[in-house]
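1. curious how this folds, go ahead:
(chains A and B)
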There are 2 protein chains.
Amino acid sequence: MSPDHPGEALGIVAGGGSLPRIVAEAARAAGWRPVVVRIGDGIDDDWTGYDGGAFAWGRTGDAIACMTASGVRRLIFCGTVSRRPDFRSLLPSVRTLLRLPAALRIVRGGDDRLLRTLTRYLEREGFEVLAVQEIAPRLLAPLGPLGHRTPRSDEIAALSLAAQAARQLGELDIGQAVVASDNRVIALEGIEGTRAMLARVAELKAGGKIGRREPCALVKSVKPQQDQRFDLPSIGVATIEEAATAGISAIGVTAGRSLILGLDDVIAAADRHDIALVGLDEAVPDIIASGEHN
Amino acid sequence: MSPDHPGEALGIVAGGGSLPRIVAEAARAAGWRPVVVRIGDGIDDDWTGYDGGAFAWGRTGDAIACMTASGVRRLIFCGTVSRRPDFRSLLPSVRTLLRLPAALRIVRGGDDRLLRTLTRYLEREGFEVLAVQEIAPRLLAPLGPLGHRTPRSDEIAALSLAAQAARQLGELDIGQAVVASDNRVIALEGIEGTRAMLARVAELKAGGKIGRREPCALVKSVKPQQDQRFDLPSIGVATIEEAATAGISAIGVTAGRSLILGLDDVIAAADRHDIALVGLDEAVPDIIASGEHN
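-> Sure thing, here's the model as predicted:
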């Protein structure tokens, strides 16, 4: 999506990780004027050169006032918010006390529910909430094998099993990531996040609970009922490195509905670790088993 | 099940944990003569006073010869086998080399698949494989609230959500344990086991990723397609202690299809930690929500 006029403000509600920066740069390149509202894990990140500010939990009202004052009408959520608010930080502000019931509702779910609640709230306040991929469509994962290596048949079996389990989890609105081998599911992501799950798999491997030659695949899959405006599954170079440490040799993401943060770098990292990286067809999950797009 | 004659041999293929001892004592009390074959995590346990022996991976043949020589015709599996065999330990024995293909198949699955494969193998060799509950029926979890405290309404919601997720996982033949709060699934058991999953929940709690007042429930649920002869979900005093450390305030197990190892001690531990412990009705998962059996 292009701005209605050059320099139109775009609110970027920025959590942690590398995604907010990628989005802000893509937005600038497309003619937007990013207004970066730092929250959650991203609150201490350096955004010198961008309008905006940092807002602790409970300063929702101030963050909204900042965006309004900067002319923001459209905004976007990106980045991670992994810690619940510290309720002591909610106390000092009078505005906060007025907002407290809304903030409490936001806190109680996973990331996804938090963002859904926050989005509904902001829409009621008159903002339009956009999807990351409307600003930076090149982030969406392409279909098919992405690096120099296509998955072997045992890795295809592992990818299929992991994708099946991820879909099952997704229907329950649980995590998006699963590690499986060709004949068993090894790890399922709860609220701990993909990084912690991969660290667990590395421990299981080191502890001899995963066979040395057992082919392990990571799949990050979109939830069937996913609101595409936020919380699309994403991978970056760090994911590849963490997967390699865990002994994973194949990675699948939902093509067109998940984000790859820095495609060239991610592919280079996968190639360096000899990991088969694949964009999976969500509609035809077994196409990978037939090898048709190899 | 009683022995055909007093002193009939009963093979107990004993992994780790407290279950094998409980089963052996119940068997003795019922008139069986236990022959304890130590494997996996139980290989170093002290079974002074019992016939049998310890058998490293790859000595399957010797274990079978030991049971046959001791007059075993019926046997039972119990206890944990959490590490895959060290293949170097398979090499020394000639018998092992002959058994290797079977052993390899055994190794590749989770506990469950391992035991299914081993059971089929032993049945082909002429043994009858019994269920733990045929020897020690008092291990089966009763229905309804078991301790002094019935779950509060928010804990009932958490138990229901956890039970729903556990069923979904069970259909995929994945783990049996889930931790949920009243509005989100927090952790799912993969191959790491319940103890490791509860340690993870304790960390998430300590790290502020679980609300201080968020009601958390643990459910261990039987898989729909479960072969009842092995790998029934079980809890013991250690499970209660670990759950308490993780901040869990309600625990549900499938009544009649899961094992409570030391019911009186487990209830006492739950009461001590003010945990609501409940036997769930598998057929009517929502009965707990209606509170009908409280």
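2. ok, and A:A165, which helix or strand is that part of?
-> Assigned by DSSP states H and E, A:A165 belongs to helix A:153-171.
3. just confirm yes or no for that helix near chain B.
-> Yes - against chain B, helix A:153-171 shows contacts by Cβ under 8 Å from any Cβ of the partner chain at A:Q164, A:A165, A:Q168, A:L169, A:E171. Glycine gets a C-beta too; all of them are placed from N, C-alpha and C.
4. which residues of chain A score low on pLDDT?
-> A:58, A:81-115, A:175, A:225-231, A:283-294 (pLDDT under 70).
5. just the buried ones among the residues of helix A:153-171 next to chain B, please.
-> The neighbour count (16 or more other Cβ atoms under 10 Å in any protein chain shown) marks A:Q164, A:A165, A:Q168, A:L169 as buried among those.
6. quick revisit: can you add distance to B:L277 and give the residues of helix A:153-171 next to chain B back as a markdown table?
-> Shown next, in a markdown table, are those (distance: Cβ to Cβ, whole Å):
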| residue | distance to B:L277 |
| --- | --- |
| A:Q164 | 33 |
| A:A165 | 29 |
| A:Q168 | 28 |
| A:L169 | 27 |
| A:E171 | 29 |
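7. let me know the closest of the buried ones among the residues of helix A:153-171 next to chain B to A:F77.
-> A:L169 (22.1 Å; Cβ to Cβ).
8. gap between the closest one and B:S221?
-> 16 Å (Cβ to Cβ, to the nearest Å).
9. one more: A:G262?
-> For A:G262 relative to B:S221 (Cβ to Cβ), the value is 41 Å.
10. kindly report the same for A:L130.
-> For A:L130, the distance to B:S221 equals 41 Å [Cβ to Cβ].
11. more neighbours: which of the two?
-> B:S221 (28 against 19; other Cβ atoms under 10 Å in any protein chain shown).
12. contacting residues for the nearest residue to that one once chain neighbours are set aside?
-> Leaving aside its chain neighbours, B:S221 sits nearest to B:A166 (3.6 Å; criterion: Cβ to Cβ, 6 or more residues apart in numbering or on different chains). B:A166 is in contact with B:Q176, B:A177, B:V178, B:V219, B:K220, B:S221, counting by Cβ atoms under 8 Å, 6 or more residues apart in numbering or on different chains.
13. which one of those residues is nearest chain A?
-> B:V178 (8.5 Å; Cβ to the nearest Cβ).
14. any idea which element A:E192 lies in?
-> Per DSSP H and E, there is no helix or strand for A:E192.
15. for A:A269, see how far away A:V132 is.
-> A:V132 is 21 Å from A:A269, by Cβ to Cβ.
16. hmm, back to that, state the distance from the residue nearest to B:S221 to B:V179.
-> Counting by Cβ to Cβ, the gap from B:A166 to B:V179 is 10 Å.
17. what segments of the stretch 151-294 of chain A are helices?
-> With DSSP state H, counting those that start in this stretch as the criterion, the stretch 151-294 of chain A has helices at A:153-171, A:194-206, A:237-245, A:263-272, A:287-290.
18. in a markdown table: the ones you listed, plus distance to A:A69.
-> As requested, the helices of the stretch 151-294 of chain A are exported to a markdown table (distance: least, Cβ to Cβ, whole Å):
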| stretch | distance to A:A69 |
| --- | --- |
| helix A:153-171 | 39 |
| helix A:194-206 | 36 |
| helix A:237-245 | 35 |
| helix A:263-272 | 36 |
| helix A:287-290 | 49 |
